[in-house]
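In: what would the 3D arrangement of this be:
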Amino acid sequence: MPDSFNPFASPATDAEFRPDGLSDSVLSPRQRRQMQVGEVVVAWEWRRLWYNLVLTAACLPIVATGLVAGNVDPDEVTMLIPAAIFANACFLAGPLIEGYWTWLLGPARWMRNLLFWAGTALATVLAIATCWMMVSA
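Out: Residues are numbered from 1 along each chain as shown. Okay, here's the model as predicted:
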């Protein structure tokens, strides 16, 4: 009889159980590692929304000002679509690096924040430079 149904079993602590109801002791080390990598991917997908909002907030005023001033042809604005796709492809470096780190060395939550903020800052600088060159040309 499993301990979860045994009324005489010692009570488990909250640290021993996962939110999905599975006990960590039931999982093999490989399964536990796979679950941790899956959690990394889900956490990064939530951050993708914020990443795109930051880049949009940085570029939209520059491009809108250029359109209103007549410095940018509306057809040129469509050239930002491949740049946005490239920026989202570069975003994958974050979950890829953290996923491999988690798989090989174990979870490191500090890395997620470091990679996200450093990557978002770099992408924002590049996005502003790209939009500025488009408006200035």
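In: neighbouring contacts of stretch 83-92?
Out: R48, Y51, N52, L55, G119, A123, L126, A127, T130 (Cβ atoms under 8 Å, 6 or more residues apart in numbering). From N, CA and C alone the C-beta is placed, and that goes for glycine too.
In: try it again with 6 Å
Out: With contacts defined as Cβ atoms under 6 Å, 6 or more residues apart in numbering, stretch 83-92 is touched by Y51, A123, T130.
In: equivalent analysis for stretch 126-137, please.
Out: Residues from elsewhere that reach stretch 126-137 (Cβ under 6 Å, 6+ apart): L55, A58, C59, I62, V63, G66, N71, V72, A83.
In: now these as JSON lines including neighbour count, pLDDT and distance to L96?
Out: Putting those into JSON lines (neighbours: other Cβ atoms under 10 Å; pLDDT from 0 to 100; distance: Cβ to Cβ, whole Å) gives the following:
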{"residue": "L55", "neighbour count": "22", "pLDDT": "96", "distance to L96": "19"}
{"residue": "A58", "neighbour count": "17", "pLDDT": "96", "distance to L96": "24"}
{"residue": "C59", "neighbour count": "21", "pLDDT": "95", "distance to L96": "25"}
{"residue": "I62", "neighbour count": "18", "pLDDT": "94", "distance to L96": "30"}
{"residue": "V63", "neighbour count": "20", "pLDDT": "93", "distance to L96": "30"}
{"residue": "G66", "neighbour count": "20", "pLDDT": "91", "distance to L96": "34"}
{"residue": "N71", "neighbour count": "14", "pLDDT": "87", "distance to L96": "37"}
{"residue": "V72", "neighbour count": "21", "pLDDT": "86", "distance to L96": "34"}
{"residue": "A83", "neighbour count": "16", "pLDDT": "91", "distance to L96": "20"}
